[in-house]
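In: make a model of this:
(2 chains)
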Amino acid sequence: DAGVTQSPTHLIKTRGQQVTLRCSPISGHKSVSWYQQVLGQGPQFIFQYYEKEERGRGNFPDRFSARQFPNYSSELNVNALLLGDSALYLCASTPGQLHTGELFFGEGSRLTVL
Amino acid sequence: AQSVTQLDSHVSVSEGTPVLLRCNYSSSYSPSLFWYVQHPNKGLQLLLKYTSAATLVKGINGFEAEFKKSETSFHLTKPSAHMSDAAEYFCVVSDLLSGGYNKLIFGAGTRLAVHP
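Out: Predicted coordinates for the structure are as follows:
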């Protein structure tokens, strides 16, 4: 079975631009979460989506947005990029809204903002 | 608020020697604690989890962790390190929030190096 897949794997943007990152969850998983991992730090929670609705949001500015599609895939959008947005963006899926702590992570999209 | 603190940013061991990665937690209620591992260019993988059952938790690849409430600790150990254990390890606590969802709170990570 395919795991969580993310695209693109690497991308470079300049300040002020916008970026869209994509995630396909494990088949049968209805919840997708997004995490940001800045170099040298642990991942930080950005969003959780379940059944196409936002269920939780971390402490991130409104420049960050996401959505989930009927097939449960998800997109993370970041507008007006700042240098500090450079990070590994991780997508994780779980079967339901609540989980026991075992999230299934993709390999991430590494964003570099110049 | 829930939090975890990993006491070592880097740990270096020789192959075949024991591994100890230290983690302290802060929680206002009985926590759900986890260890995740991140190999280079790979996604995060769950090693083991504690959810208020047995205090000694066994995970994959020979790792185990002991929940000690009196010390607010959840240290990760392995009797004998293997070269393939070299990776970044994260201590994690699950935070249940209003609205019926939970999120993971990660420590800063400990990079484990294993030397021949």
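
In: every contact and neighbour count from this point should use C-alpha atoms.
Out: Will do.

In: up against chain B, what does chain A have?
Out: A:40-45, A:55-56, A:97-99, A:101-108 (CA under 8 Å from any CA of the partner chain).

In: just the strands in the chain please.
Out: Let's take chain A. Secondary structure of chain A (DSSP state E): strands located at A:5-7, A:10-13, A:19-24, A:31-37, A:44-50, A:53-57, A:64-68, A:74-78, A:87-94, A:104-105, A:109-113.

In: wrong one, I was asking about chain B
Out: Using DSSP E, strands in chain B cover B:3-6, B:10-14, B:19-21, B:23-26, B:32-38, B:44-50, B:56-58, B:64-68, B:73-78, B:87-97, B:101-106, B:110-115.

In: in the sheet, which residues pair with the nearest residue to A:Ala66 once chain neighbours are set aside? Tell me.
Out: Among residues not flanking A:Ala66 along the chain, A:Leu76 sits closest, at 4.4 Å (CA to CA, 6 or more residues apart in numbering or on different chains). A:Leu76 forms beta bridges with A:Leu21, A:Ala66, as assigned by DSSP bridges.

In: which residues sit in contact with A:Leu76?
Out: A:Thr20, A:Leu21, A:Arg22, A:Trp34, A:Phe64, A:Ser65, A:Ala66, A:Arg67 (CA atoms under 8 Å, 6 or more residues apart in numbering or on different chains).

In: around chain A, pick out the residues from chain B.
Out: B:32, B:34, B:41-46, B:49, B:90, B:94, B:99-109.

In: buried ones only from those residues, please, as a ChimeraX command.
Out: Selection of buried members from the residues of chain B next to chain A for ChimeraX, criterion 16 or more other CA atoms under 10 Å in any protein chain shown:
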select /B:32,34,43,44,45,46,49,90,94,101,102,103,104,105,106,107,108,109
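
In: give me phi/psi at the residue of chain A at minimum distance from chain B?
Out: With CA to the nearest CA, the shortest gap between chain A and chain B falls at A:Glu107, namely 4.0 Å. Main-chain torsions, A:Glu107, degrees, to the nearest 10: phi -80, psi -10.
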